[in-house]
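Undergrad: Any chance you can model this:
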Amino acid sequence: MANTHRPPLLRIPGCRPGEEPYELVHPADMVGLGWRRVPVKEQEFKVASWTARMEACIAWAENNGVRLGPGSDDPAWLLKATARRDYGGRPDWVDHPLCWVRGRQPAAFTASLSAYGRHAPKIHRWLADKPGIGLAVGPGWYYSGTEQIVLWRRDVLGHQVAAADAGAEALSWD
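TA: Prediction:
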């Protein structure tokens, strides 16, 4: 019989147990009680994928010295002086946002988009009058086919920030 126990719980810096955003929840918790009906091979595959995604997200956060924090669905949250929960307007190009802080300052805003190319003109228009905000694009980690964008404050994180990359093998299930 295969081992269906969970791997050691991985924690994103700043994320308390039971308070993971939907994007970071273990697959067994995403499907609830139906998890027991999922074939063991599929469970193992999904757990391995989740583990790769979490490890990439943790490494990205540690490399940039940030932690998950209270934020907003609106990337304009980055322009605030201190990081607090903000219920601003959500642009139509934002999907699955996560807000990252360093100290008490907003540092980065990440989102997984299903079609970056379609939204790129809107994103670049939004960035046009914000020279202190950087943009990086990379493979999405939310699910297969997404692209991740990272918007970050250059005065907090510097001039080079890359997107977290969980690897292609981590992105092959929805």
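
Undergrad: so how many other residues sit close to the closest residue to N64 other than its chain neighbours?
TA: Closest residue in space to N64, ignoring its immediate chain neighbours: L157 at 5.8 Å, by CB to CB, 6 or more residues apart in numbering. Any C-beta I mention is one placed from the backbone N, CA and C, and that applies to glycine too. Close neighbours of L157, defined as other CB atoms under 10 Å, add up to 19.

Undergrad: before we move on, what about G158?
TA: There are 11 residues near G158, going by other CB under 10 Å.

Undergrad: Where does pLDDT dip in the protein?
TA: 1-8, 31-33, 84-88, 143-144, 169, 171-174 (pLDDT under 70).

Undergrad: at 90 instead, please
TA: 1-40, 42-57, 69-74, 76-77, 79-97, 104, 112-117, 138-148, 162-174 (pLDDT under 90).

Undergrad: What segments of it are helices?
TA: 27-30, 40-64, 116-127, 154-157 (DSSP state H).

Undergrad: Would you mind saying which of those helices lies nearest T110?
TA: helix 40-64 (8.6 Å; CB to CB).

Undergrad: separation between the nearest residue to C15 once chain neighbours are set aside and R37?
TA: Once flanking residues are discounted, C15 sits nearest to L68: 4.9 Å by CB to CB, 6+ apart. From L68 across to R37, the span is 31 Å (CB to CB, to the nearest Å).
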